[in-house]
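[1] here you go, sequence then predicted model.
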Amino acid sequence: MKTRKTAGTSIEVFLARHLGPDAIITPVKPVVEGHTPQHYDGWFNPVPQILHQRQVKPALSDLKRRRTFYNHIPAARIQERIGAKAWRTYFKFCFERDPWDKVVSWYYYRLWQDPDMSFDEFVRTQELPSDFDLYSLHGSVAMDFVGSEDRSQRSAGH
């Protein structure tokens with residue numbers, strides 16, 4: 001699972017170099033030389049998403065655009081699109097960043113939209129980043145492994 005503001009693009013680009021010809025590899029932005037997206041688009045069955053998640057518009061929008069897999073796709077959609085057997089057999093992992101570091105990073109990322117917004121205003125008025133919905137199903141972690149930064153290993157200068 002590719003979470004936000006956790007070096008997900010770097011991880012994806014690294015792993016993609018080691019995957020086979022049948023692997024699903026989504027595009028990344030900016031485009032990275034040597035990173036070749038494959039098998040991420042096409043037709044899929046929208047019925048599970050419509051029935052289980054009651055998400056008619058998103059399912060039909062993805063179907064119309066042939067957007068089967070994409071960056072930051074939620075676990076529920078992946079599970080529905082690859083099927084229960086594959087979901088059970090795949091090793092599923094993600095990385096989650098320290099919440100404070102993630103908020104600060106998100107603030108700097110969002111500054112391009114409003115360069116005059118103070119950090120205080122950002123925290124009070126903006127939706128703060130959370131990726132739990134990406135790597136959970138029915139309120140529980142759906143990953144086999146959730147990596148996180150070990151803050152005890154950080155030096156005072158970082």
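    Thanks, I have it.

[2] please count neighbours and contacts with C-alpha atoms only from this point.
    OK.

[3] show me which helix or strand of this structure is least confident by mean pLDDT.
    One helix or strand of the chain scores below all others by mean pLDDT, DSSP states H and E: helix 47-53, with a mean of 85.

[4] flag every buried residue along the longest helix along the chain.
    Looking across the chain with DSSP state H, the single longest helix is helix 99-110. Of all the residues in helix 99-110, those buried under the rule 16 or more other CA atoms under 10 Å are 102-104, 106-107.

[5] hmm, who's touching that helix?
    Outside helix 99-110, the residues within contact range by CA atoms under 8 Å, 6 or more residues apart in numbering are 5, 119, 122, 128-129.

[6] where helices are concerned, which of these count?
    Counting by DSSP H, the members of those that fall within helices are 119, 122.

[7] CA atoms only: put the longest helix of the chain into CSV for me.
    What follows is helix 99-110, C-alpha atoms only, in CSV (Å, rounded to 0.1, in the frame of the first residue of the first chain):
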residue,chain,number,x,y,z
PRO,A,99,2.1,11.8,12.8
TRP,A,100,3.9,15.1,13.7
ASP,A,101,6.4,14.7,10.9
LYS,A,102,3.6,13.9,8.5
VAL,A,103,1.6,17.0,9.4
VAL,A,104,4.7,19.2,9.0
SER,A,105,5.5,17.6,5.7
TRP,A,106,1.9,18.0,4.5
TYR,A,107,2.0,21.6,5.4
TYR,A,108,5.1,22.3,3.3
TYR,A,109,3.6,20.2,0.5
ARG,A,110,0.4,22.3,0.6
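
[8] which of the contacts of helix 99-110 count as buried?
    The neighbour-count test (16+ other CA under 10 Å) applied to the contacts of helix 99-110 identifies 5, 122 as buried.

[9] just give me the closest of the contacts of helix 99-110 to F91.
    K5 (21.8 Å; CA to CA).

[10] need phi/psi at the closest one.
    Main-chain torsions, K5, degrees, to the nearest 10: phi 60, psi 40.

[11] could you measure from it over to S105?
    Distance, K5 to S105, by CA to CA, to the nearest Å: 7 Å.
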